[in-house]
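Participant: Show me the folded form of this:
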Amino acid sequence: NLVEQAKAENPASAKDHASSAGLFVLAVLVVAVVVALWWWQHQPSEVLWVVLSVLVVTCPCALSLATPAAIAVATGALRHQGFLVSRGHVLEALSSVDQIIFDKTGTLTLGKMSVSQVITLSDLSEEELLRLAAGLEGGSLHPISRAFLDVTDKVPVNAVEQTVGAGISGQVSLELGRIAIGRPSYIGELFGYQPPKLPSVDSGKLPLLLASEKGPLGWILLNDQLRPGAAKAIAKLKSAGLGVSLLSGDRQDSVTDMAAKLNIDDWCGSMSPEQKLIKANKLQQGGHRVLMVGDGINDVPVLSGADVSVALGDASDFARIHADSIMLSGNLDTLPNAIALARRTRRVIRQNLSWALLYNLIALPLAAAGMIPPWAAAIGMSTSSLFVVINALRLNSSSPTSVVQ
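Facilitator: Numbers count the residues shown, from 1 in each chain. Next comes the predicted model:
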């Protein structure tokens, strides 16, 4: 359905070129009338053939095919690389982006969370804490919930409420009442008490606080893995002069550690979805063309607000629906290749348009002068269109190239 939607949405450049083709046809008809009047006054017997040659040789097939042929070929080439275009403007926007924003969990990392450590702060055992956490996370689509998929005998939780980018709460037994899991700040605001001090843990781990109305229950520390191709993709993008930012809802020291590993200079942690969107809007107001890469529900505002957006293949359904394209392969190294192909597509479109206009500028005067017979005009028109299509097909035959090109 997304592919069909993309086919139905013509990019702005295609619409402009289609409009130009319409104006060109009108101009040709005016020229044909003028040519017919001139030949009628001088050589009436040649009027039909000359006017026919003018109309045939200037048929705007090549001009009309210049943009859609290149876009169709490039879209197919991207699909073979595992990059699904789901909006009509993607290629046009990708060719001009200069700032890329990445989410962290599930985007730069695999989002395959696993429980690293459980620190109890109450009389409950580690197993009981995991059962409670699994009950809360059972209906969530966030990558964090995957860490508790293997937990058996989950505690039933009712009246579950999820605060995007913060945590989840729900009702359990009368003894515990309402419980919640998430950021310490979220727990403090929800239950109205000061959350405990964060334990001294490795910056690469994600700490979640599990608590009830009566007090904190324990810490659950999660591990995640860097996504394949992430470091290589970031290096390629930066070498091409593109700005790279890391915006995440994870705690600041964890985001700082990730930014250092990937050599990202601009980063910020503990951000809400609204703060991410504000950051993206500021970049756009500063004249930047922004590309957002994310995977979760909390990324949806920025995915929708960016000039162009990419969701991972294993992202939440909500993120994939609102993204302009989907990286089915899950390999971030596909992204710089997609940008490189988009830039090459822009160049091919310009080449096609230049050829179509040059051909008509040369052929029209010759046809109007009676120097091109109708059969030769038909061959010229067909050859011009064939050149445009063959030039576009070059996008499909080349291997992935550097973004710099």
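Participant: quick one, what contacts the nearest residue to Leu353 once chain neighbours are set aside?
Facilitator: Closest residue in space to Leu353, ignoring its immediate chain neighbours: Ala66 at 4.8 Å, by C-beta to C-beta, 6 or more residues apart in numbering. C-betas here are computed from N, CA, C, even on glycine. Counting by C-beta atoms under 8 Å, 6 or more residues apart in numbering, Ala66 makes contact with 17, 349, 352-353, 355-356, 388.
Participant: Which pLDDT does the model give Ala66?
Facilitator: On pLDDT, Ala66 comes in at 81.
Participant: now whichever helix or strand it is part of, how far from the chain's geometric center?
Facilitator: Assignment of secondary structure by DSSP states H and E places Ala66 within helix 61-80. How far helix 61-80 lies from its chain's middle: 19 Å, per C-alpha atoms, centre = their mean, to the nearest Å.
Participant: For the following helix or strand past that helix, what is the distance to the chain centroid?
Facilitator: Per DSSP H and E, the first helix or strand lying C-terminal to helix 61-80 is strand 83-85. Here the centre of strand 83-85 is set off from its chain's centre by 8 Å, with C-alpha atoms, centre = their mean.
Participant: Strand 83-85: partners in the sheet, and parallel or antiparallel?
Facilitator: The strands beside strand 83-85 in its sheet (DSSP bridges) come out as strand 325-327 (antiparallel).
Participant: who's in contact with the partner strand?
Facilitator: Identification of contacts with strand 325-327 by C-beta under 8 Å, 6+ apart yields 2, 82-87, 90, 293, 308-313, 315, 320, 334-335, 338.
Participant: what separates the nearest residue to Pro195 once chain neighbours are set aside from Ser122, distance-wise?
Facilitator: Spatially, and ignoring its direct neighbours in sequence, Pro195 is nearest to Pro184 (3.8 Å; C-beta to C-beta, 6+ apart). Per C-beta to C-beta, to the nearest Å, Pro184 is found 16 Å from Ser122.
Participant: the more surrounded of these two?
Facilitator: Using other C-beta atoms under 10 Å as the criterion, Pro184 and Ser122 rank with Pro184 on top: 20 against 16.
Participant: For Leu312, give me its contacts.
Facilitator: Per C-beta under 8 Å, 6+ apart, neighbours of Leu312: 106-107, 293-295, 326-327, 330.
Participant: now Leu132
Facilitator: 124, 155, 157, 172, 176, 179, 181, 210, 217.
Participant: Lowest pLDDT pick from these?
Facilitator: Lowest confidence among the contacts of Leu132: Leu176, with 81.
Participant: For that residue, give me its contacts.
Facilitator: Leu176 sits next to 132, 212-214 when contact means C-beta under 8 Å, 6+ apart.
Participant: Looking at the residues you listed, state which has the most neighbours.
Facilitator: Highest neighbour count within those, by other C-beta under 10 Å: Leu132, with 26 neighbours.
Participant: and the helix or strand harbouring that one, C-alpha only, in CSV?
Facilitator: Per DSSP H and E: Leu132 is located in helix 126-137. Output in CSV follows, covering the C-alpha atoms of helix 126-137 (Å, rounded to 0.1, in the frame of the first residue of the first chain):
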residue,chain,number,x,y,z
GLU,A,126,14.6,-10.3,41.4
GLU,A,127,12.2,-12.8,39.8
GLU,A,128,9.2,-11.0,41.2
LEU,A,129,10.5,-7.7,40.0
LEU,A,130,11.0,-9.1,36.4
ARG,A,131,7.4,-10.6,36.5
LEU,A,132,6.0,-7.2,37.4
ALA,A,133,8.1,-5.4,34.7
ALA,A,134,7.0,-8.0,32.1
GLY,A,135,3.4,-7.4,33.0
LEU,A,136,3.7,-3.7,32.5
GLU,A,137,5.7,-4.0,29.3
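Participant: Helix or strand next in line after the biggest helix by length in the chain, which one?
Facilitator: Counting by DSSP state H, the longest helix found in the chain is helix 334-368. Next helix or strand after helix 334-368 toward the C-terminus (DSSP H and E): helix 374-397.
Participant: picking up where we left off before, can the contacts of Ala66 go into a markdown table with extra columns for pLDDT?
Facilitator: Shown next, in a markdown table, are the contacts of Ala66 (pLDDT from 0 to 100):
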| residue | pLDDT |
| --- | --- |
| His17 | 52 |
| Ile349 | 90 |
| Asn352 | 87 |
| Leu353 | 86 |
| Trp355 | 86 |
| Ala356 | 82 |
| Val388 | 87 |
